[in-house]
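> predicted coordinates and the sequence they were generated for:
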Amino acid sequence: MAVRTLRSLVPGAIVLDGGPDNKDCDNLMSGIEALRRASGRSFPPVILLSTKNGTPESLGLSDIIDVVVAKPITPERLQPVIDRLIGR
């Protein structure tokens, strides 16, 4: 369903749950990359929810991932990241 949704609209931000190994959403990366190429910039921003703490680079993740937020996820941890990425 996520793949179909990405084809039909451009979200303001994308929040992915990476699962136990940060790979659960790998099948969405090409669609997200196409959206970002079409926008001509790093839009929409991409947040990965992870069981590990670190940066996309330190965790060996795709350069499409802008920010990693470590689980457990709370509104106090996630909302400031979303606000910063979408420019609120």
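Yep, it's here. Numbers count the residues shown, from 1 in each chain.

> buried residues in whichever strand or helix holds Gln79?
Assigned by DSSP states H and E, Gln79 falls within helix 75-86. Judged by neighbour count (16 or more other CB atoms under 10 Å), helix 75-86 contains these buried residues: Val81, Ile82, Leu85. (Glycine included, C-beta is placed from N, CA and C.)

> which single one of these is nearest to Gly31?
Closest approach to Gly31 among the buried residues of helix 75-86 (CB to CB): Leu85, at 18.7 Å.

> before we move on, the earlier item: Ser42: which of the buried residues of helix 75-86 is nearest?
Comparing those against Ser42 with CB to CB places Leu85 closest, at 9.2 Å.

> nearest residue to the closest one in space, ignoring adjacent ones along the chain?
Pro45 (3.9 Å; CB to CB, 6 or more residues apart in numbering).

> same question for Gly12.
In space, Gly12 is closest to Ile86, 5.6 Å off (CB to CB, 6+ apart).

> is the residue nearest to Leu85 in contact with Leu16, as I believe?
No: using CB atoms under 8 Å, Pro45 makes no contact with Leu16, being 11.3 Å away.

> who's in contact with Pro45?
Contacts for Pro45 were tallied using CB atoms under 8 Å, 6 or more residues apart in numbering; they are Ala13, Ile14, Asp66, Val67, Leu85, Ile86.
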